[in-house]
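Asker: Next comes the sequence, and after it the predicted model I'd like to discuss.
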Amino acid sequence: MKAIQIHEFGGPEVLKFEEATRPTPAPDEVLIKVYASGVNPVDWKIRAGLAQKKFPVHLPLIPGWDVSGEIEEVGSNILNFKKGNEVYSRPDPTRNGSYAEYVVVKANQVNNKPKSINHEKAAAVPLAGLTAWQGLFDFGKLEPGQKVLIHAAPGGVGTFAVQFAKWKGAYVIGTASEENIDFLYELGVDEVFDYKTEKFEDKVKDVDLVFDLIGGDTQKRSLKVIKKGGRLITTVQPQNQDEAKSKNIHLEGFMAQSLPEELQQMADLIDSGKMKPIVSQIFPLKQAAEAHRKIETGHTRGKIVLKVI
């Protein structure tokens, strides 16, 4: 099969388009014929060797941990999927991924893809969507009528978080650069602040939840806007724990898990028209290096996707 592999850690140039061995599913796995693969920041961090502590991988490695495609083969223990089922998933980021014509995934990390969208859009959903869902609801405990501040709102995770929070009935505030302000208002955000020219902490107060996708100084300043008993949930390193405790703020970091029931909930929302994946660019598989150069800028709107078939 054709695949993108890395044989050494480094820049985008280490991504090689070449022949690789087609994997065989174990009894508890399915083999997915890949139509499209999402591209995420974790992809380039693993490729660069910057994520070995969190995601220890062995080389050579096929990157890619967002997939939409169809079942090609099922393991001997699998009863709930069959050849031809259209599915999507966030595979295990420590194993070979979906920058390839085929990928094996544990069946308990897979669900039927949304019916109303194509594979390119479906491949944009799992990792970013699960991160947004779990950050807001599983860890953030967001309820209708609450106020949430979402940092990096125009990005892959942010665009899902905005839509989920609005669907839940929350008041949504986002931070973004000037060129994305109108875009976020169109997506449903109630207030947007330009992080380059405005200090959100001077204008925002009594927030129930901050969803932090940036960390560092942004995380520290966010503690100023959260009400007593509120929450700050982050996808990066949780810092300032002492200050958070002194203000009775729950501060927690997390890493999203691939839960099929949440993949199903997201598919239902998409198919009912209540949310949509935002895909900014689609590259052919052999141009994975160019996709990585784009994602490394940290300023993409929505998701970047690789088209495999």
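Answerer: Thanks, I have it. Note that the coordinates shown come from a computational prediction; the quantities given were computed from them, not determined experimentally.
Asker: Per-residue pLDDT of Ser272, please?
Answerer: The model reports Ser272 with a pLDDT of 98.
Asker: So what's the gap between stretch 31-50 and the chain middle?
Answerer: Its chain's C-alpha centre and that of stretch 31-50 lie 11 Å apart, by Cα atoms, centre = their mean, to the nearest Å.
Asker: One more: stretch 68-85?
Answerer: Using Cα atoms, centre = their mean, the offset of stretch 68-85 from its chain centre is 24 Å.
Asker: what does it contact?
Answerer: 24-37, 86-88, 98, 102-103, 107, 110, 112-113, 119-120, 122-123, 125, 308-309 (Cβ atoms under 8 Å, 6 or more residues apart in numbering). From N, CA and C alone the C-beta is placed, and that goes for glycine too.
Asker: switch the cut-off to 6 Å
Answerer: Stretch 68-85 is contacted from outside by 25-36, 86, 88, 107, 113, 119, 122-123, using Cβ atoms under 6 Å, 6 or more residues apart in numbering.
Asker: Pull out the buried residues from it.
Answerer: Using 16 or more other Cβ atoms under 10 Å as the test for burial, stretch 68-85 gives 68-75, 78, 81, 85.
Asker: closest to Gln5 among the residues you listed?
Answerer: Gly69 (18.6 Å; Cβ to Cβ).
Asker: measure that closest one to Gly49 for me?
Answerer: Gly69 is 28 Å from Gly49, where distance means Cβ to Cβ, to the nearest Å.
Asker: Quick check: nearest residue in space to the residue nearest to the spatial centre of the chain, chain neighbours excluded?
Answerer: Closest to where the C-alpha atoms of the chain average out (Cα atoms, centre = their mean) is Ala128, at 1.6 Å. Distance criterion Cβ to Cβ, 6 or more residues apart in numbering; nearest residue to Ala128, sequence neighbours excluded, is Gly156 at 4.0 Å.
Asker: ok, now Phe283?
Answerer: Once flanking residues are discounted, Phe283 sits nearest to Ala291: 4.5 Å by Cβ to Cβ, 6+ apart.
Asker: Now that neighbour: which helix or strand?
Answerer: helix 288-295 (DSSP states H and E).
Asker: Lovely, talk soon.
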